[in-house]
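Asks: no letters, just coordinates:
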């Protein structure tokens, strides 16, 4: 599971930061999931190593422009390319009407099925490998945060041990690998747990933006391997944060701490903290780390490989963290 930040600015783009979008690459599925789709997201995809043809699901937090203005253009481009099979889009009420109006007034037609899901708090998607749930955040309009939970899976199958026990290969190996109990024709009984290593714990990712500190964000991030959380304002501008219902760097850190998250990646920064100003982005990082030391500052095209709670790896591409 690899996270790529396609936009880390709030409100408007800057020279080095586009507006909100985060991509989650699922190698085992050869799929790409997007979280928010601000203006210019398709251009950011073209500048990255990601393929828009692999997009299968898009999760929208809320209907503010810096989170949705790129959606119609991206879908239209995918339609013209003709290499997308289907895209499911999840978001708050009004999302489908927004897309239908765009289609109607631009006389656009999609060449692939687009299904829009109006979401409510709870589980919104589940398959054999992942569960995606959402909950309301605290912003000026209806806003949702998301949690992606990878399901636990059995550890590596010890094929050599199975051979030593003279277990015939084929379907039985698959049953044992899934942890099932198998009875062979000769009467011998084997339990899958005897042939598999320790269970691989599924990874968990939480995405919370835009919001002021709230308990629902803490619950979404509970025991998460990675919490992606907005940090629009510095702690010194907390009054602005309360007025506009956005988080400060310290609110993001407090959310991670209260949730018992393992790593915090802050994003969605106000352009007011440009280099040379009294408060710079590096100051927001210092503020967050004072509360939650395992914090990093996202920047456009930064990738993060979500570990199984070991060998944490940051791949720093493109602009510097303080740009």
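Replies: Good, I have the coordinates. The structure displayed is predicted, hence computed values, not measured ones. Numbering: from 1, shown residues only.
Asks: mind listing the strands for the stretch 51-200 of the chain?
Replies: Under the criterion DSSP state E, counting those that start in this stretch, the stretch 51-200 of the chain contains strands at 55-59, 87-91, 114-118, 122-126, 130-136, 144-150, 181-183, 189-191.
Asks: distance between the ends of stretch 7-27?
Replies: In stretch 7-27, first residue to last residue: 22 Å (C-alpha to C-alpha, to the nearest Å).
Asks: buried set for that stretch?
Replies: Across stretch 7-27, burial judged by 16 or more other C-beta atoms under 10 Å covers 7-11, 13-14, 16-26. In this view, the C-beta of every residue, glycine as well, is placed from N, C-alpha and C.
Asks: could the strands of the stretch 51-200 of the chain go into JSON lines alongside mean pLDDT and mean neighbour count?
Replies: Listed next are the strands of the stretch 51-200 of the chain as JSON lines, based on pLDDT from 0 to 100; neighbours: other C-beta atoms under 10 Å:
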{"stretch": "strand 55-59", "mean pLDDT": "97", "mean neighbour count": "22"}
{"stretch": "strand 87-91", "mean pLDDT": "97", "mean neighbour count": "21"}
{"stretch": "strand 114-118", "mean pLDDT": "96", "mean neighbour count": "15"}
{"stretch": "strand 122-126", "mean pLDDT": "97", "mean neighbour count": "14"}
{"stretch": "strand 130-136", "mean pLDDT": "97", "mean neighbour count": "19"}
{"stretch": "strand 144-150", "mean pLDDT": "97", "mean neighbour count": "24"}
{"stretch": "strand 181-183", "mean pLDDT": "91", "mean neighbour count": "13"}
{"stretch": "strand 189-191", "mean pLDDT": "91", "mean neighbour count": "13"}
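Asks: show me the one of those strands that comes nearest residue 163.
Replies: strand 189-191 (12.7 Å; C-beta to C-beta).
Asks: can you list the strands that the closest one pairs with?
Replies: According to DSSP bridges, strand 189-191 forms sheet pairs with strand 181-183 (antiparallel).
Asks: who touches the strand it pairs with?
Replies: When contacts are defined by C-beta atoms under 8 Å, 6 or more residues apart in numbering, strand 181-183 is touched by residues 172, 175-176, 189-192.
Asks: helices of the stretch 101-250 of the chain, start to end?
Replies: Ranges of helices within the stretch 101-250 of the chain are 159-164, 171-177, 215-220, 238-244, 249-259, based on DSSP state H, counting those that start in this stretch.
Asks: so residue 146 touches residue 133, yeah?
Replies: Yes. Taking C-beta atoms under 8 Å as the definition, residue 146 is a contact partner of residue 133 at 7.4 Å.
Asks: overlap in contacts of these two?
Replies: By C-beta under 8 Å, 6+ apart, the residues touching both residue 146 and residue 133 are residue 220.
Asks: state the pLDDT value of the residue of the chain most remote from its centre.
Replies: Residue farthest from the centre of the chain, counting by C-alpha atoms, centre = their mean, is residue 186 at 48.9 Å. At residue 186, the model reports a pLDDT of 90.
Asks: what does residue 315 give?
Replies: Looking at residue 315, its pLDDT reads 44.
Asks: one step back: could the contacts of strand 181-183 go into JSON lines alongside distance to residue 250?
Replies: JSON lines is the format used below for the contacts of strand 181-183 (distance: C-beta to C-beta, whole Å):
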{"residue": "172", "distance to residue 250": "55"}
{"residue": "175", "distance to residue 250": "51"}
{"residue": "176", "distance to residue 250": "50"}
{"residue": "189", "distance to residue 250": "57"}
{"residue": "190", "distance to residue 250": "54"}
{"residue": "191", "distance to residue 250": "50"}
{"residue": "192", "distance to residue 250": "47"}
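Asks: return the residues in contact with residue 235.
Replies: Taking C-beta under 8 Å, 6+ apart, one finds 248-250, 287 in contact with residue 235.
Asks: and with 10 Å instead?
Replies: Residue 235 sits next to 241, 248-251, 253, 279, 283-284, 286-288, 290-291 when contact means C-beta atoms under 10 Å, 6 or more residues apart in numbering.
Asks: kindly report the same for residue 172.
Replies: Neighbours of residue 172 in contact, by C-beta under 10 Å, 6+ apart: 162, 180, 182-184, 190.
Asks: noted, bye for now.
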